[in-house]
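> coords below, sequence missing:
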């Protein structure tokens, strides 16, 4: 399992900071980078070796919509409109490259579905209340903490939503379960204790 967390919100256009960690890695063994090309190579290599990959983004991946408007057309339109936002643009670029070089890749935004049989999980890294943005290292550590908690699955959606990550996957031509378009992406809070030491 390879967990990658990205910092896109405070990066200049076309750049992103990312950290990749395996379950048995300690902090000194983490891989990191600041380019989309390096990110793609890392993700592609892990998938080629048969690993599951979890991609964490520091931007909102779930948007509320009016009741009755959470269908595939709305999801596609919102994904298109959000396509140039930091985080969503990098996600779309990565998924587009994977669709070219590995079109059978399956993407999920559901932790339980990914654990069962999916090659890529896209998740949202959220800063703890009162803190600033999240950095890649602490976000990856938070993912492993959440994964290690028994019964830590998605929380139910509050209201009607569109999942931008699922829509971006679908627009790229990768397989994603249609019901995920109207369900929230898994969201993992980065605790303040990790933010302070990360």
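Yep, that arrived. None of these values were measured; they are calculated from a predicted model. Residues are numbered from 1 along each chain as shown.

> residue 192 versus the residue at minimal distance from the centre of the chain, what's the distance?
Computing the C-alpha centroid of the chain and ranking residues by C-alpha atoms, centre = their mean puts residue 122 first, at 2.8 Å. Going from residue 122 to residue 192 by C-beta to C-beta, to the nearest Å gives 24 Å. Yep, even glycine has a C-beta here, placed from its N, CA and C like the rest.

> just to revisit the earlier point, ok, the closest residue to the residue nearest to the centre of the chain other than its chain neighbours - contacts?
Take residue 122 and drop its neighbours on the chain: the residue closest to it by C-beta to C-beta, 6 or more residues apart in numbering is residue 165, 4.1 Å away. Contact analysis of residue 165 by C-beta atoms under 8 Å, 6 or more residues apart in numbering lists 57, 61, 91, 107, 109, 122, 124, 185.

> after the helix or strand harbouring residue 165 comes which helix or strand?
Secondary structure from DSSP states H and E places residue 165 in helix 164-172. As assigned by DSSP H and E, the chain's next helix or strand after helix 164-172 is strand 187-190.

> that following strand: how far from the chain's middle?
11 Å (C-alpha atoms, centre = their mean, to the nearest Å).

> other residues contacting that strand?
Residues outside strand 187-190 that contact it (C-beta under 8 Å, 6+ apart) are 56, 61-62, 123-128, 131, 134, 138-139, 142-143, 146, 155, 198.

> can you select the buried ones among those residues for me in ChimeraX?
Selection of buried members from the contacts of strand 187-190 for ChimeraX, criterion 16 or more other C-beta atoms under 10 Å:
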select :56,61,62,123,124,125,126,127,128,134,138,139,142,143,146,198
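
> from what I can see residue 173 touches residue 97, true?
No - in this structure, residue 173 is not within contact of residue 97 by C-beta atoms under 8 Å, at 11.4 Å.

> neighbour count winner among those two?
Neighbour count, other C-beta atoms under 10 Å: between residue 173 and residue 97, residue 97 has more, with 18 against 13.

> am I right that that one is in contact with residue 37?
No - using C-beta under 8 Å as the test, residue 97 is too far from residue 37 to be in contact (9.2 Å).

> what sits in contact with each of these two?
Joint contacts of residue 97 and residue 37 (C-beta under 8 Å, 6+ apart) do not exist.

> can you give me the pLDDT of residue 69?
In this model, residue 69 is scored at 63, pLDDT.
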